[in-house]
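# Just a sequence and a predicted model for now, questions to come.
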Amino acid sequence: MTEVIIVSDGQLVRNIEVQSGQRKDMVLLVYPGVSCDVKLDVRLAGEGAEANIYGAYVCGGEERVKIAVDMHHDLPHCNSRQLFKGIAGGTSKVDFYGKIIVVQDAQRTEAYQENHNLLLSDGAKVDTKPQLEIYADDVKCSHGATIGRLNEEEQFYMRSRGITLEDARVLQMISFIAPVLENIPEDEREAVAAKFEEAVRSI
């Protein structure tokens, strides 16, 4: 069962250990107005363990959001995926730090990490630092990070079909966040998607 965490102001620290044959799925959600410091330490401590950590954040004012994830692959045949997507406007500041550590004995590891961001204003700032620390040779690992702006060509296309600029921007932002929201259990997803639409309309 996927754990959905709505992050509040302050610090969130979680130490997670996944044993042999187990799977941990988690989605972190940060809404506008929340300043937080999130620290996750995930340890795949049994052969065949799996962890999937997703996150979405929307900052439109003066928020300060820090997210740090350490993913430890300690044994063979373990899989992990991290996908964090965020939108920063106003004078908000986001720091993302992610690290995958694969020890020498953790052969046949698969580990992926992505952090993608949209900047809505010149005053917003995003620092992203994905890292790999690999000591095994039979692994599939990758990391990636992007920081960009809304696509004006897409906006023009939608406006040419009668969609207002505001609605076009909202559709772009919802589409950007959607790959994270898709991992929320179906019975919660619609309410969360509606709240994120409200959030992006407010920034």
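It's in.
# Torsion angles phi and psi at the residue nearest to Glu63 when sequence neighbours are not counted?
Sequence neighbours aside, Ser92 is the residue nearest to Glu63 in space, at 4.4 Å (criterion: Cβ to Cβ, 6 or more residues apart in numbering). For the C-beta atoms, the positions are set from N, CA and C on the backbone; glycine is no exception. Torsion angles at Ser92 (phi, psi; degrees, to the nearest 10) stand at phi -70, psi 160.
# what sits against Ser92?
Ser92 is in contact with Cys59, Gly60, Gly61, Glu62, Glu63, Arg64, Val65, Ala124, Lys125, counting by Cβ atoms under 8 Å, 6 or more residues apart in numbering.
# from those, which is closest to Asp167?
Lowest distance from Asp167 to these (Cβ to Cβ) belongs to Gly60, with 17.3 Å.
# I'd like to know which of the contacts of Ser92 are buried.
With burial judged by 16 or more other Cβ atoms under 10 Å, the buried subset of these is Cys59, Gly60, Glu63, Val65, Ala124.
# now the strands: where do they sit in the protein?
Along the chain, the stretches classed as strands by DSSP state E are 3-6, 10-18, 23-30, 36-44, 50-59, 64-73, 79-88, 93-102, 109-119, 125-134, 139-148.
# Could you check how far the spatially most central residue of the chain is from Ala193?
The residue lying closest to the centre of the chain (Cα atoms, centre = their mean) is Phe84, at 1.3 Å. Phe84 sits 17 Å away from Ala193, going by Cβ to Cβ, to the nearest Å.
# thinking again about what came up before, wait, the residue nearest to the centre of the chain sits on Tyr97?
No: between Phe84 and Tyr97 there is no contact under Cβ atoms under 8 Å: 10.6 Å.
# Give me the common contacts of the two.
Shared contacts of Phe84 and Tyr97, defined by Cβ under 8 Å, 6+ apart, comprise Ile67.
# The residue nearest to the centre of the chain pairs with what?
Beta bridges link Phe84 to Gly55, Asn115, judged by DSSP bridges.
# among the helices and strands of the protein, which has the poorest mean pLDDT?
One helix or strand of the chain scores below all others by mean pLDDT, DSSP states H and E: helix 152-159, with a mean of 83.
# which helices and strands does that one pack with?
The helices and strands touching helix 152-159, judged by 3 or more Cβ pairs under 8 Å, 6 or more residues apart in numbering; DSSP states H and E, are helix 165-181.
# Just the CA trace of the helix it packs on, in PDB.
This file holds the C-alpha atoms of helix 165-181, laid out as PDB (Å, rounded to 0.1, in the frame of the first residue of the first chain):
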ATOM      1  CA  LEU A 165      -3.600  31.800 -21.200                       C
ATOM      2  CA  GLU A 166      -4.400  31.200 -17.500                       C
ATOM      3  CA  ASP A 167      -6.000  27.800 -18.200                       C
ATOM      4  CA  ALA A 168      -3.200  26.900 -20.600                       C
ATOM      5  CA  ARG A 169      -0.600  27.500 -17.900                       C
ATOM      6  CA  VAL A 170      -2.700  25.500 -15.400                       C
ATOM      7  CA  LEU A 171      -2.900  22.600 -17.800                       C
ATOM      8  CA  GLN A 172       0.800  22.700 -18.400                       C
ATOM      9  CA  MET A 173       1.600  22.600 -14.700                       C
ATOM     10  CA  ILE A 174      -0.900  19.800 -13.900                       C
ATOM     11  CA  SER A 175       0.500  17.800 -16.800                       C
ATOM     12  CA  PHE A 176       4.000  18.400 -15.400                       C
ATOM     13  CA  ILE A 177       3.100  17.100 -11.900                       C
ATOM     14  CA  ALA A 178       0.900  14.200 -13.200                       C
ATOM     15  CA  PRO A 179       3.600  11.500 -13.300                       C
ATOM     16  CA  VAL A 180       3.900  11.800  -9.500                       C
ATOM     17  CA  LEU A 181       0.200  11.900  -8.800                       C
END
